[in-house]
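Enquirer: Structure for this input, please:
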Amino acid sequence: MAYYKDFREYLKALEQKGKLTRIKREVNKDTQLHPLVRLQFRGLPEEERTAFLFENVVDSRGHKYESPVAVAALAGSSQIYAIGMMCQPEEISERIIQAELHPIETKLVSSGPVQEEIHVGDRLLEHGGLEEFPIPITTPGYDAAPYISAPYWVTKDPETGVPNIGMYRAMVKSPTHTGIAWHATQGALFHWRKCKQMGIPLEAAIIIGGPPNIGYVSVAKFPIGVNEFAVAGGIAGEPVEVVRCKTVNLEVPAAAEIVIEGEISTTEMEPDCPFGESQGFMAPATMMRLFRIKCITHRKRPIWLATLAQYPPSESSKLVQHGQEFGVFHYLRHDQNMQQVLDVAFHDSMVGVLFAVIKVKKTEAGEVWRILETAANHAPAAKVVIAVDEDVSLRDLDSVMLAVCVRSQPHRDFRIDKVPSGQMVEADTIERSRVLIDATMEQPYPPLSLPKKEFMDEALRIWQEEGLPQLKLKEPWWGINLGAWSEEEEELARAAVEGDYYKAGELYAQRRRPA
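Expert: Sure thing, here's the model as predicted:
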């Protein structure tokens, strides 16, 4: 099956799979839109979340917009993310890894739907500039302005010409300028620093919408210098078709919904208002860079794409989670050749970056600590990094914490390290630390105290035949032999299920001794 040609085709796929909710009633983008989507993150299990498409959008001034708004369409859940990747949820990391290992360069085309309408020069404000679009207020009651919450910023290294795609929120400050919020490790900031040294502004373009692979590479953790457009092509299995921007020397997806072209100043900064951060608190006003708009192009009646961020779990933390999982697993397994690493999980309820679990297969003494240290250094934001055995379901916190509680001793298996200062975010003076936990078995353990798989399979068959409630089984849901189990114990358990109930009693009677 060919990859989605644009965001609209992707929305159709979500709807066909029952993962899109259309809201046709009038909804105020400033007061109602994000709170409606927020409810599913506070009141539904992840597998029941959907993307939302608001088709009748107004604002608090009484203005009615032509464009609909999509929210939670990239990563409302891992299932939605997987639909965007055309794979199963458990295959997401490997799919991105293979795309990075086998990139496909872009294909330049002369025109595309994203330039059906062009507003530039004297016509830049003919439809109001940014006011043409229904940009929502994300946290009504606390945000002081709308934010562009799903902008795929495209910039280019002024020396090498290699482009970068990054998702950095942008405060709407006027119809023709925004802020841009980024951190020290993000690619666009490296481009900005080079341009500042050269005494020129940084050309940039904001992509809104487009095939979902563009959104996924914008938040995945790639080394500086990797062309994310080519990785997006690797995800799709075909080149991303791009067109040249009208006012800046950049290329953007021809099938995007909206493109906003302009320059990021290298000589001025100004505050962004308080905004809800992924840790779950409103962040204070902060000095940010300034983006001035030179041109806006878009499809007819474009769809505005927003993400749900702030208090976790959120769409933002889900996007970050899968990006982190891919990045750390790729680094450990491929870059460091740690073949003992079987899987890596971050948890979106812990912001997607703060809590990491690594599934390992131990082969020699001391290697678990080496894996933990290497992973923590590659993911400096992580405050807790845990290693678990093969039988632990690393995406189930109950399973992980049971392993921590019964397979580790804090005095021996917990270690608190300071985060090296070179891994701090820009201008961060806070002393930071992390805890590394070896929650793997020190020696073989008895089997998990659950019935063997064949008995649980039979129970499941009967459950389904009886029409009992739909199950959401948590792994492990059958007993697994962890090594400390003798042939005699195995034989006695087999005898019991075959009806020979007294075999163990008779054997143990022969071993009586005085009390």
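Enquirer: And the helices in the stretch 351-500 of the chain?
Expert: In the stretch 351-500 of the chain, the segments counted as helices under DSSP state H, counting those that start in this stretch are 367-378, 397-407, 410-413, 453-465, 487-497.
Enquirer: pLDDT weak spots in the protein?
Expert: In the prediction, the chain carries residues with pLDDT under 70 at positions 184-185, 278, 421-429.
Enquirer: okay, now the domains of it?
Expert: With domains defined by automatic domain parsing, the chain comprises 315-438, 453-509.
Enquirer: rewinding a little: please work out which of the helices of the stretch 351-500 of the chain is packed deepest.
Expert: Highest mean neighbour count among the helices of the stretch 351-500 of the chain (mean count of other CB atoms under 10 Å): helix 367-378, with a mean of 19. Glycine gets a C-beta too; all of them are placed from N, C-alpha and C.
Enquirer: Report the distance from that helix to the chain centre.
Expert: 22 Å (CA atoms, centre = their mean, to the nearest Å).
Enquirer: And for stretch 36-43?
Expert: Distance, stretch centre to chain centre, for stretch 36-43: 18 Å (CA atoms, centre = their mean).
Enquirer: Kindly report the same for stretch 447-467.
Expert: Computed by CA atoms, centre = their mean, the chain-centroid distance of stretch 447-467 equals 34 Å.
Enquirer: likewise stretch 51-65?
Expert: Its chain's average C-alpha position is 27 Å from that of stretch 51-65, according to CA atoms, centre = their mean.
Enquirer: Next, the distance between the ends of that stretch.
Expert: 20 Å (CA to CA, to the nearest Å).
Enquirer: do stretch 232-240 as well
Expert: In stretch 232-240, first residue to last residue: 7 Å (CA to CA).
Enquirer: Output stretch 260-267 in CSV with nothing but the alpha carbons.
Expert: Extracted in CSV, the C-alpha atoms of stretch 260-267 (Å, rounded to 0.1, in the frame of the first residue of the first chain):
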residue,chain,number,x,y,z
ILE,A,260,4.5,30.2,6.6
GLU,A,261,7.8,31.7,5.3
GLY,A,262,10.1,34.2,7.0
GLU,A,263,13.2,35.0,8.9
ILE,A,264,14.3,34.4,12.5
SER,A,265,16.2,37.4,13.8
THR,A,266,19.8,36.9,15.0
THR,A,267,19.9,40.4,16.6
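Enquirer: Summarise which helices and strands the longest strand anywhere in the chain is packed against.
Expert: Criterion DSSP state E: the longest strand present in the chain is strand 258-272. Secondary-structure packing of strand 258-272 (3 or more CB pairs under 8 Å, 6 or more residues apart in numbering; DSSP states H and E): strand 177-180, helix 187-198, strand 202-208, strand 286-298.
Enquirer: show me where the stretch 101-250 of the chain has strands.
Expert: 107-108, 117-120, 147-148, 152-156, 163-167, 170-174, 177-180, 202-208, 241-244 (DSSP state E, counting those that start in this stretch).
Enquirer: on that earlier part again, ok, the longest strand of the chain: who's next to it in the sheet?
Expert: Each strand that pairs with strand 258-272, with its direction, by DSSP bridges: strand 202-208 (antiparallel), strand 286-298 (antiparallel).
Enquirer: Can you lay out those as TSV showing distance to N56 and mean neighbour count?
Expert: Below are the strands paired with strand 258-272 laid out as TSV (distance: least, CB to CB, whole Å; neighbours: other CB atoms under 10 Å):
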stretch	distance to N56	mean neighbour count
strand 202-208	20	25
strand 286-298	19	21
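Enquirer: Looking at the ones you listed, which is nearest to G43?
Expert: Between G43 and those, the shortest gap by CB to CB is with strand 202-208, which sits at 28.6 Å.
Enquirer: Measure how the closest one sits relative to helix 187-198, angle-wise.
Expert: Angle of strand 202-208 versus helix 187-198, following axes from the mean of the first three to the mean of the last three CA atoms, to 10 degrees, is 160 degrees.
Enquirer: And strand 202-208, how far out from the chain middle?
Expert: Centre-to-centre, strand 202-208 and its host chain are 22 Å apart (CA atoms, centre = their mean).
Enquirer: Can you pull out the residues in contact with that strand?
Expert: For strand 202-208, contacts defined as CB atoms under 8 Å, 6 or more residues apart in numbering pick out 133, 148, 150-156, 158, 165, 170, 180, 188, 191-192, 195, 214, 245, 248-250, 252-253, 256-264, 266, 291, 302, 304-305.
Enquirer: With only the CA atoms kept, save that strand in CSV.
Expert: What follows is strand 202-208, C-alpha atoms only, in CSV (Å, rounded to 0.1, in the frame of the first residue of the first chain):
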residue,chain,number,x,y,z
LEU,A,202,18.1,32.6,9.7
GLU,A,203,15.6,31.8,6.9
ALA,A,204,12.8,29.5,8.1
ALA,A,205,9.5,28.1,7.0
ILE,A,206,6.7,26.6,9.2
ILE,A,207,4.9,23.6,7.7
ILE,A,208,1.3,23.0,9.0
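Enquirer: Need the distance between the two termini of stretch 332-348.
Expert: Taking CA to CA, the first and last residues of stretch 332-348 lie 21 Å apart.
Enquirer: Give me the residues contacting that stretch.
Expert: Residues from elsewhere that reach stretch 332-348 (CB under 8 Å, 6+ apart): 93, 97, 101, 312-314, 317-318, 320-321, 324-325, 328-329, 352-353, 355-363, 367, 371, 374-375, 378, 382, 390, 394-395, 397.
Enquirer: Now, of those residues, which are buried?
Expert: Neighbour-count burial (16 or more other CB atoms under 10 Å) applied to these gives 93, 97, 312-314, 317-318, 320-321, 324-325, 328-329, 352-353, 355-360, 362, 367, 371, 374-375, 378, 382, 394-395.
Enquirer: on that earlier part again, between strand 170-174 and the longest strand of the chain, find me the angle.
Expert: Using the same axes, to 10 degrees: strand 258-272 against strand 170-174 is 90 degrees.
Enquirer: May I see the buried residues of strand 258-272?
Expert: For strand 258-272, using 16+ other CB under 10 Å, the buried residues are I258, V259, I260, E261, G262, E263, I264, S265, T266, D272.
Enquirer: Ignoring the adjacent residues along the chain, who's closest to the third one?
Expert: Same thing as I260. Computed as CB to CB, 6 or more residues apart in numbering, the closest residue to I260 that is not its neighbour in sequence is I206, at 4.1 Å.
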